[in-house]
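[1] no sequence on this one, just coordinates:
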């Protein structure tokens, strides 16, 4: 691919990219900023898992919808191989839809109860013209089911209500596999499943990455799942990306006070590690009112932050590079960046000393 | 009491034991007898369907003491919610309780069988002595009534005067950490965590002896979940209330409960003190659950999960219901159903193949422990009524 990004940068086009995307719902005082200048880059090689985490309402799903071509941004660009996803030709759109697959949260609501499971596979094969004959089609379906550890006779010819939630979610992954995608966007794909089944689904995504080179954008509120999957992480808070970096280092050593709060709140499965002092929240009532009215030209975590300073209220905190992590918090102002937004790829290469000169 | 400075100097990072120490219980002025708060004995709840009888809860046994926090964990479809509905007597046609007793004693002296007391008396008990927080109930607040009025509403039903009830609202809100101003708001003006705390405020209005909360933190963010769990913990200490938490989320139990019951396929397969149950699981199913949880800061080795799928209540497997997914299956498991029985304390081999010191009061239904194997086949079929009596006794 020789396409260049719209900005004319010298770097080759990423497989999938959010370039300074802002999405605003509603108008005036009632407007909600679901994404606030969010940038994210997924390269084709090497395949990666990128987790997007944050509490509900933080803009995780809106970011994913922008990438999927479902939610045109108010400003900024969503790009696929350097092309604007929202102005693709019909032919390109079909290619895009095949390369970028999605698995949603609810494995119960996604199926049409009147048709057997086979239909989701047949529709995919027909839509993307994946097979020339019936034999080839059934061979492909069998291969896809094997990839997600399902036995074809357990699934084919049956109806959605006859399968468990975990089986249905695996069927959705098999459907995605069928299209030979480059990226799977998994939006809370495990949050409605039991723990034992969650592990199975996450292992499939890891296998897809390692054996088939499929990247995953994993939207979740479950930080321990993001830790397990590894790769990179983007922590979102009220529409903004507040911390970016490799999952393991972000979670072993969180920098942004919001990331720290999220991590402290995760219940440990070890009863010997109980929370030993109460979490005292800021007055939620005031915070709710504030979030509706207040200016966004400030740190949006200020009202909850134990380290809050005057300058947090005065302007939007810029992003700072701290080790491999990028943090939008003035506590890290000693190491400023001044050349625009940093991509995850650059963060990763910072490890190799590329950005050392910036410090 | 003599050494407050020690508590003050406690290092903030020392997780181990400190919270547990805070749990030591004050005497409960409400309890005047020795009977446990709740005893579920051999409870069966069956669904009559076109395709046969679904035994959704089958010979469940559980005891809850006064002031105790007990957790019920298990996969979806294991019968957790149905068990709770049976306690509350809100099982609806075509489901029905076919067998068993639910003995309840709010003061430890007078015991009633909720199965036989009838609708009218049950209605008086519900809300008064047993409060129920159903799954997703925070979404069932009346959208066109103010929060304060909704809290008052429940009390009026139990004979509290309107003036008294209204006067009580601010203190109830304060108990769950909400500002008095919330009473003038409508549900859509509150966040999910605030709504859930309103629901808890409604539940504690009559100062019940037992709060049954079904998935109280599911669908809430982690920091909100933490607030809710801490609210519940404080209520237990302040109001001397026992809490039964149903959740599929084992870390929630690890943070909150004292004793846990693990459900699988309609049965309680293991109960015991939370610490030993999750760290030295007796039942291979419990062990499998624990090994499926990713932990931050852990090794990031591949999680194993539990192979296979939850069986259907229309056709539970013969013998032990977990045998077709069990890594330690033996011949006897395929034919004889194990009974829930106390494992004799001492050094024993446990589910993961290691040995551990088993403390008293731990019950399991698994043939790895000879106590669980019924002496005769007919005893296996009957299920053991012994198990329920032995349970939880020494509190």
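    Cool, got the structure. Treat the numbers as computed from the prediction; the structure is a model and nothing was measured.

[2] what is the neighbour count of residue 330?
    You didn't pick a chain, so chain A it is. Number of residues near residue A:330 (other C-beta atoms under 10 Å in any protein chain shown) recorded here: 18. (C-beta placed from N, C-alpha, C; glycine too.)

[3] wrong one, I was asking about chain B
    Neighbour count for residue B:330, taken as other C-beta under 10 Å: 12.

[4] so how far is residue B:282 from the residue nearest to it when sequence neighbours are not counted?
    Excluding its sequence neighbours, the residue lying closest to residue B:330 (C-beta to C-beta, 6 or more residues apart in numbering or on different chains) is residue B:367, at 6.1 Å. Counting by C-beta to C-beta, to the nearest Å, the gap from residue B:367 to residue B:282 is 12 Å.

[5] and what of residue A:267?
    23 Å.

[6] low-scoring stretches of chain B, by residue?
    B:1-26, B:376-395 (pLDDT under 70).

[7] do the same with chain A
    For chain A, the stretches with pLDDT under 70 are A:1-11, A:277-294, A:334-359.

[8] for chain A, longest helix please?
    helix A:195-212 (DSSP state H).

[9] helix or strand next in line after that helix, which one?
    Once helix A:195-212 ends, the next helix or strand along the chain (criterion: DSSP states H and E) is strand A:215-220.

[10] residue B:198 and chain A: what is the separation?
    12 Å (C-beta to the nearest C-beta, to the nearest Å).

[11] re earlier: mind checking which of residue A:267 and residue B:282 has more residues around it?
    For residue A:267 versus residue B:282, neighbours defined as other C-beta under 10 Å are more numerous around residue B:282 (29 against 22).

[12] next, the contact list for the residue of the stretch 1-150 of chain A found nearest chain B, please.
    Residue nearest to chain B within the stretch 1-150 of chain A: residue A:55 (3.8 Å; C-beta to the nearest C-beta). Neighbour list for residue A:55: A:221, A:237, A:262, B:221, B:222, B:223, B:224 [criterion: C-beta atoms under 8 Å, 6 or more residues apart in numbering or on different chains].

[13] how far away is it from residue A:253?
    For residue A:55, the distance to residue A:253 - C-beta to C-beta - is 21 Å.

[14] look up how far residue A:19 lies from residue A:73.
    Distance from residue A:73 to residue A:19, by C-beta to C-beta: 9 Å.

[15] so what's residue B:85 closest to, chain neighbours aside?
    residue B:91 (5.2 Å).

[16] ditto for residue A:201
    In space, residue A:201 is closest to residue A:190, 5.2 Å off (C-beta to C-beta, 6+ apart).

[17] how many neighbours does that neighbour have?
    25.

[18] list the contacts of it.
    By C-beta under 8 Å, 6+ apart, the neighbours of residue A:190 are A:169, A:197, A:198, A:201, A:202, A:220, A:222, A:225.

[19] quick one: secondary structure of it?
    coil (DSSP: H, G, I helix; E, B strand; the rest coil).

[20] on that earlier part again, format the contacts of residue A:190 as JSON lines; extra columns: neighbour count.
    Putting those into JSON lines (neighbours: other C-beta atoms under 10 Å in any protein chain shown) gives the following:
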{"residue": "A:169", "neighbour count": "29"}
{"residue": "A:197", "neighbour count": "25"}
{"residue": "A:198", "neighbour count": "25"}
{"residue": "A:201", "neighbour count": "23"}
{"residue": "A:202", "neighbour count": "25"}
{"residue": "A:220", "neighbour count": "22"}
{"residue": "A:222", "neighbour count": "18"}
{"residue": "A:225", "neighbour count": "24"}
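
[21] sorry, back to before: thought the residue nearest to residue B:330 was touching residue B:336?
    Yes. Between residue B:367 and residue B:336 there is a contact at 7.3 Å, judged by C-beta atoms under 8 Å.

[22] got any residues that touch both of these two?
    Counting by C-beta under 8 Å, 6+ apart, the contacts common to residue B:367 and residue B:336 are B:320, B:373.

[23] who has more neighbours, the two?
    Ranked by neighbour count (other C-beta under 10 Å), residue B:367 and residue B:336 place residue B:367 first, with 24 against 20.

[24] including distance to residue A:143, could the contacts of residue A:190 go into JSON lines?
    Formatted as JSON lines, the contacts of residue A:190 follow (distance: C-beta to C-beta, whole Å):
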{"residue": "A:169", "distance to residue A:143": "19"}
{"residue": "A:197", "distance to residue A:143": "22"}
{"residue": "A:198", "distance to residue A:143": "24"}
{"residue": "A:201", "distance to residue A:143": "19"}
{"residue": "A:202", "distance to residue A:143": "21"}
{"residue": "A:220", "distance to residue A:143": "28"}
{"residue": "A:222", "distance to residue A:143": "30"}
{"residue": "A:225", "distance to residue A:143": "27"}
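
[25] of those residues, closest to chain B?
    Of the contacts of residue A:190, the one sitting nearest to chain B (C-beta to the nearest C-beta) turns out to be residue A:225, at 6.0 Å.

[26] residues contacting that closest one?
    A:51, A:190, A:198, A:202, A:218, B:294.

[27] helix or strand: which one has the closest residue to the first one other than its chain neighbours?
    Going back to what we said before, that points to residue A:51. Nearest non-adjacent residue to residue A:51, counting by C-beta to C-beta, 6+ apart: residue A:226, 3.6 Å away. When elements are assigned from DSSP H and E, residue A:226 belongs to helix A:223-229.

[28] stretch A:298-306: end-to-end distance?
    Start and end residues of stretch A:298-306 are separated by 16 Å (C-alpha to C-alpha, to the nearest Å).

[29] now do it: distance to the chain's middle.
    The chain centre lies 24 Å from the centre of stretch A:298-306; the measure is C-alpha atoms, centre = their mean, to the nearest Å.

[30] related to what we said a few turns ago, out of the contacts of residue A:55, who's the most crowded?
    residue A:237 (25 neighbours).

[31] contacting residues for it?
    Here residue A:237 is in contact with A:54, A:55, A:58, A:258, A:300, A:301 (criterion: C-beta under 8 Å, 6+ apart).

[32] mind jotting down where the helices sit in the stretch 201-350 of chain B?
    B:222-239, B:250-256, B:274-279, B:284-290 (DSSP state H, counting those that start in this stretch).

[33] so which elements touch the third one?
    Using 3 or more C-beta pairs under 8 Å, 6 or more residues apart in numbering or on different chains; DSSP states H and E as the contact criterion, the elements in contact with helix B:274-279 are helix B:250-256, strand B:259-264, helix B:284-290.

[34] excluding chain neighbours, what is closest to residue A:86?
    residue A:72 (4.9 Å).

[35] from residue A:35, how far off is the one you found?
    From residue A:72 to residue A:35 the distance is 12 Å (C-beta to C-beta).

[36] repeat that for residue B:319.
    The value you get for residue B:319 to residue A:35, if C-beta to C-beta is used, is 54 Å.

[37] between these two, which one's more packed in?
    The neighbour comparison of residue B:319 against residue A:35 (other C-beta under 10 Å) goes to residue A:35, with 27 against 19.

[38] ok, that one - contacts?
    A:18, A:21, A:22, A:23, A:59, A:62, A:63, A:66, A:73, A:239.

[39] ok, now with 10 Å
    Going by C-beta atoms under 10 Å, 6 or more residues apart in numbering or on different chains, residue A:35 touches A:18, A:20-24, A:58-60, A:62-63, A:65-66, A:71, A:73-76, A:236, A:239-241.

[40] the closest residue in space to it that isn't next to it in sequence and residue A:87, how far apart?
    Nearest non-adjacent residue to residue A:35, counting by C-beta to C-beta, 6+ apart: residue A:23, 4.2 Å away. Distance check for residue A:23 against residue A:87: by C-beta to C-beta, it reads 17 Å.

[41] of the two, which one has the most company?
    Shown here are residue A:23 and residue A:87; by other C-beta under 10 Å, residue A:23 has more neighbours (23 against 10).

[42] is the residue of the stretch 51-200 of chain B found nearest chain A in a helix, a strand, or coil?
    Nearest to chain A in the stretch 51-200 of chain B, going by C-beta to the nearest C-beta, is residue B:75, at a distance of 4.3 Å. At residue B:75 the chain is in coil, as set by three-state DSSP.
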